[in-house]
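> Sequence and predicted model, in that order:
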Amino acid sequence: MPAPTRTPRSTWIDAGLQALASGGPDAVRVDLLAKQLGVTRGGFYWHFADRQAFLDALLDAWEHRSTDDVLTRVEREGGDAKDKMRRAGMLTFSRELLPVDLAVRDWARRDPAVARRLKRVDNRRMDYLRGLIATFSDEEDVEARAMLAFSLAIGDHFIAADHGRYSRRQVLARAAELVSG
């Protein structure tokens, strides 16, 4: 008889991140994920001591994917500072990562440990952004431009306003031009 196949840790993580993105931390439930994956709860406990360990692993995966993986890819693909800024923003706030990022931001409003993690991630993102902006901007404008660029990337997802005769895409493109000089 062949040994039973365990559901890989990465499968649990991916399912957990999807649940987090769609319903916040309260939606991350072992029973629901096991049912969704078509497996028993036992496989979960092979990889994670408990739900809190799983939530921590989800935050680790989010942090790694949205910083380490993004920055590595941006640097590997190269380009000038403005190209790197655009690529980092597109990857960081991609269709895959954005919903998780927004869920973590909401969660951080209620959980100090998550807020500390979010601050660390945002500081890393801002440090990278500052370094890029410093290559084409006056020193006194670096922090303001970094703040504007980061605020634009995050705030865009919360603003529901119309833009008159301009499309949202046009307005965002122009705003990015203004930030990057």
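Okay, I see it.
> dump the residue contacts of residue 107.
20, 24-25, 114 (C-beta atoms under 8 Å, 6 or more residues apart in numbering). Where C-beta positions appear, they are placed from N, C-alpha and C, glycine not excepted.
> Could you report the separation of residue 66 from residue 107?
14 Å (C-beta to C-beta, to the nearest Å).
> still on that earlier bit, let's see if you can find the most crowded of the contacts of residue 107.
Highest neighbour count within those, by other C-beta atoms under 10 Å: residue 20, with 24 neighbours.
> Quick check: chain neighbours aside, which residue is closest to that residue?
residue 103 (4.9 Å; C-beta to C-beta, 6 or more residues apart in numbering).
> wouldn't that neighbour be in contact with residue 21 here?
Yes: shown here, residue 103 and residue 21 form a contact pair, counting by C-beta atoms under 8 Å, at 5.0 Å.
> which of the two has more neighbours?
residue 103 (22 against 19).
> what helix or strand is the more buried one on?
Residue 103 is part of helix 98-108 when elements are defined by DSSP states H and E.
> how about that helix: buried residues?
For helix 98-108, burial by neighbour count (16 or more other C-beta atoms under 10 Å) applies to 98-105, 107-108.
> Would you check how far apart residue 79 and residue 23 are?
Residue 79 sits 37 Å away from residue 23, going by C-beta to C-beta.
> As PDB, could you dump the C-alpha coordinates of the helix or strand encompassing residue 20?
According to DSSP H and E, residue 20 maps onto helix 9-23. C-alpha atoms of helix 9-23 as PDB (Å, rounded to 0.1, in the frame of the first residue of the first chain):
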ATOM      1  CA  ARG A   9       2.500  23.200   3.200                       C
ATOM      2  CA  SER A  10       2.400  25.600   0.300                       C
ATOM      3  CA  THR A  11      -1.100  24.500  -0.700                       C
ATOM      4  CA  TRP A  12      -2.300  25.300   2.800                       C
ATOM      5  CA  ILE A  13      -0.500  28.700   2.700                       C
ATOM      6  CA  ASP A  14      -2.000  29.500  -0.700                       C
ATOM      7  CA  ALA A  15      -5.500  28.600   0.400                       C
ATOM      8  CA  GLY A  16      -5.100  30.500   3.700                       C
ATOM      9  CA  LEU A  17      -3.900  33.600   1.800                       C
ATOM     10  CA  GLN A  18      -7.000  33.400  -0.400                       C
ATOM     11  CA  ALA A  19      -9.200  33.100   2.600                       C
ATOM     12  CA  LEU A  20      -7.500  36.000   4.300                       C
ATOM     13  CA  ALA A  21      -7.900  38.200   1.200                       C
ATOM     14  CA  SER A  22     -11.600  37.400   0.800                       C
ATOM     15  CA  GLY A  23     -12.700  37.600   4.400                       C
END
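> Can you give the distance of that helix from its chain's centre?
Mean-position distance between helix 9-23 and its chain equals 13 Å (C-alpha atoms, centre = their mean, to the nearest Å).
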